[in-house]
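Trainee: pasting a predicted model and its sequence here:
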Amino acid sequence: VPGEDRGVPEGFAPVAAPRAAPAAAPADDDDDDLDIDFGDDDDEEEAKPAMSLADRAKAAKEAAKAKKKKEKVEKSQVVIEVKPWEADADLPALYKKICAEVVPEGLQWGEAFNLEEVGFGIKKLVMSCVIEDEKVMTDDFLEPIGEMEDDVQSVDMLTMNRL
């Protein structure tokens, strides 16, 4: 209703206007002020936080080292097939050549291989390796094998499983 005073509803307190902050007292430049020391030594208080920061940094470094040691190295097993150009290819010799020439850090070739029939007397070489996921990508060893153009027609990854 116009002209009606709308007071504060029952159960609510009126909101007070914010007060202005009191003005700071002017600084007194007199050197006659008396500094009274009640046993508080400011120098010791300043030194303690600095030491605690150094201790914290040292503890953080040690924790990071411990965590790094505890972290398990992620590994994967990869099975590949290597197809030769001709039926009379020496696949055991090709296996030895691959294991000797393709050795990036973090790759461990399997000790055995299989020869599987492809067709028309041609066999393919099936071999496995274990790689550290942080250090080795599959292209790091598949491409060098594929570049052995005199011996290898193609190389394919059959499976990749986390260990």
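Mentor: All right, it came through fine.

Trainee: pull out the buried positions in the strand or helix carrying residue 154.
Mentor: Per DSSP states H and E: residue 154 is located in strand 152-162. Using 16 or more other Cβ atoms under 10 Å as the test for burial, strand 152-162 gives 152, 155. Glycine gets a C-beta too; all of them are placed from N, C-alpha and C.

Trainee: least trustworthy helix or strand in this protein by mean pLDDT?
Mentor: helix 42-70 (a mean of 66; mean pLDDT, DSSP states H and E).

Trainee: could you pull out the helices for this structure?
Mentor: With DSSP state H as the criterion, the chain has helices at 42-70, 91-101, 139-146.

Trainee: want to try JSON lines for those, with distance to residue 83 and mean neighbour count as columns?
Mentor: Formatted as JSON lines, those follow (distance: least, Cβ to Cβ, whole Å; neighbours: other Cβ atoms under 10 Å):
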{"stretch": "helix 42-70", "distance to residue 83": "41", "mean neighbour count": "9"}
{"stretch": "helix 91-101", "distance to residue 83": "10", "mean neighbour count": "15"}
{"stretch": "helix 139-146", "distance to residue 83": "11", "mean neighbour count": "16"}
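
Trainee: tell me what the strand holding residue 154 is packed against?
Mentor: strand 75-84, helix 139-146 (3 or more Cβ pairs under 8 Å, 6 or more residues apart in numbering; DSSP states H and E).

Trainee: thinking again about what came up before, among the helices of the chain, which is nearest residue 152?
Mentor: Between residue 152 and the helices of the chain, the shortest separation by Cβ to Cβ is 6.1 Å, and it involves helix 139-146.

Trainee: okay, the angle between the closest one and strand 152-162?
Mentor: Between helix 139-146 and strand 152-162, the angle comes out at 160 degrees (axes from the mean of the first three to the mean of the last three Cα atoms, to 10 degrees).

Trainee: and of the helices and strands packed on strand 152-162, who's closest to residue 125?
Mentor: strand 75-84 (4.3 Å).

Trainee: much appreciated, bye for now.
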